[in-house]
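Colleague: sequence and predicted structure are below.
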Amino acid sequence: MKIKPDYSLYLVTDRSFLHGRSLEEVTAQAVAGGCTLVQLREKSLSSGDFFQLARALKEQLQPFRVPLIIDDRADIMLAAGADGVHVGQSDIPAAAVRALIGPEHILGVSAHTLEEALQAERDGADYLGVGAMFPTATKPDASVTSMEELRKITARIHIPAVVIGGINRKTLPLFAGTGIQGAAVVSDIMGDNDPRRASEILKKEMEKIL
């Protein structure tokens, strides 16, 4: 049976911010502070190492009922027993991914425009990752989605919209009244010396929006 995730504070991992800490340690602190969902994003690991890390994180998160989403790699998701996969516009088409993973897994799709959002919903997405909302060092080549376009998206779709790209404790309050159901955060949690406290602050800001 597919779980119904809480998308409100969505952690996206980036090992470049660890500075000697383990990914498991930082993720555990973030979850303790209120992160409700974790996406494992790995662009440089071998498939074998990616699988091992995904399996370890899945085991770590399972007791806390926090879903694990795998970025891009549906094969890793299925092999590691993760809860879902997130794909971008240049990855395998969402409809093909849905056919591969079946109805019981979570499918997230990146969308920058209303047209992409509507197509993702038709293709079986469970949620959208909308953005980048602001320029971000983690994806310097990402195109920026305007607040106006975000409002068009949330007004037309019937699935949760999660904003991503430059989301931090300063920019998050700007999304009040936009209809989002979650915020994806990378550096403001992963790069903080106290990931738990950072997550607690972001969680409180998100509660004001929802």
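Modeller: Alright, I've got the coordinates. Just so you know, these numbers come straight off a predicted model, no measurement behind them.

Colleague: drop to CA atoms for contacts and neighbour counts, all remaining ones
Modeller: Noted.

Colleague: low-confidence ranges in this structure?
Modeller: Counting by pLDDT under 70, the chain contains low-confidence ranges at 1, 138-141.

Colleague: go with 80
Modeller: 1-3, 136-142 (pLDDT under 80).

Colleague: mind listing the helices for it?
Modeller: Using DSSP state H, the helices found in the chain span residues 23-32, 47-61, 74-80, 94-101, 114-122, 147-156, 187-190, 195-209.

Colleague: I'd like to know which elements the first one is packed against.
Modeller: What that stands for is helix 23-32. helix 47-61, helix 195-209 (3 or more CA pairs under 8 Å, 6 or more residues apart in numbering; DSSP states H and E).

Colleague: for residue 154, find the nearest of these.
Modeller: Among the helices and strands packed on helix 23-32, the nearest to residue 154 by CA to CA is helix 195-209 (14.0 Å).

Colleague: quick one: that closest one to chain centroid distance?
Modeller: 16 Å (CA atoms, centre = their mean, to the nearest Å).

Colleague: buried residues in that helix?
Modeller: 195-200, 202-203, 205-206, 209 (16 or more other CA atoms under 10 Å).

Colleague: and stretch 6-17, by the same measure?
Modeller: Residues of stretch 6-17 classed as buried by neighbour count (16+ other CA under 10 Å): 7-15, 17.

Colleague: circling back: deepest of the helices of the chain, which one?
Modeller: helix 187-190 (a mean of 24; mean count of other CA atoms under 10 Å).

Colleague: which residues touch it?
Modeller: 11, 13-15, 17-18, 26, 30, 138, 167-169, 195-196, 198-199 (CA atoms under 8 Å, 6 or more residues apart in numbering).

Colleague: ok so, going back, tabulate the helices and strands packed on helix 23-32 in JSON lines, adding columns for distance to residue 100.
Modeller: JSON lines is the format used below for the helices and strands packed on helix 23-32 (distance: least, CA to CA, whole Å):
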{"stretch": "helix 47-61", "distance to residue 100": "18"}
{"stretch": "helix 195-209", "distance to residue 100": "33"}
